[in-house]
Each structure stands twice: as C-alpha cells, then as structure tokens.
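[1] 3D model of this:
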Amino acid sequence: MLALWDLQKSLPIRGALLMAALALGGCSSQLADLTPADAQAHPKEPGTYLPVHDLPPERDQAVIPPDQRAKIEAELAAARDRQAVAAKDAK
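    Model (predicted):
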C-alpha cells in the first residue's frame, strides 16, 4: 500500500517535470538562432566545397635533415627500450 501511495504522489511531479522539459526543449531551437549584435552575418546559401586538390608548393629542402632524423629516431628507440625495461621491472 505504501508503494502505491508513493507512486500516486510522484506521478504528477514526474508529469510536470516532463512537460517542463519538453517546453524548454522547444524553446532552445529558437534561442540558438539569436545572435549578438556584433556577430558576423551567416551566409544564407550554403558554401562551396573546400579546395581539396589545391596542395601547398613542394619544399626545396627536407624539414629535418637526415642526420638529425637518425639521431632523433635513435633517442626515441632508446627511450622506448628504457620504458620497456622499467615496465617489466614494475610487474
């Protein structure tokens, strides 16, 4: 009997909360269309596709010289090996 009484009390409260959530949810789409006064105007027509095939010009030189690249790769490999040993010791 107690569970039925709790259900009878909570059902109107849940209904009111559901109605409020639906009412506020309907307003959010209209609020999203509002913009501040200093905002730039959005174009009314959809834009064109991005220029996918326009690539930057080729570089004259490599980003990292090969000797520095080899040094960096060796340092990374050494760090990876140290971490693997440390992880094995931690287990």
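[2] For Ala16, give its distance to Gln8.
    Between Ala16 and Gln8 the computed distance is 14 Å (Cβ to Cβ, to the nearest Å). The C-beta positions use only the backbone N, C-alpha and C, and glycine is treated the same way.
[3] where's Asp67, which helix or strand?
    Assigned by DSSP states H and E, Asp67 belongs to helix 66-90.
[4] Contacts for that helix, please.
    Ile64 (Cβ atoms under 8 Å, 6 or more residues apart in numbering).
[5] pLDDT of it, averaged?
    For helix 66-90, the mean pLDDT works out to 94.
[6] when you give positions from now on, start the count at 546
    From this message on, residue numbering opens at 546, which makes the last subject helix 611-635.
[7] can you tell me the helix or strand for Glu590?
    Using DSSP H and E, no helix or strand contains Glu590.
[8] ok, how many other residues are close to it?
    Using other Cβ atoms under 10 Å, Glu590 has 5 other residues around it.
[9] Also the one 10 residues further on?
    A total of 7 residues lie near Leu600 under the criterion other Cβ under 10 Å.
[10] how about it, phi and psi?
    Dihedral pair for Leu600: phi -100, psi 150, per degrees, to the nearest 10.
[11] Sweet, I'm off.
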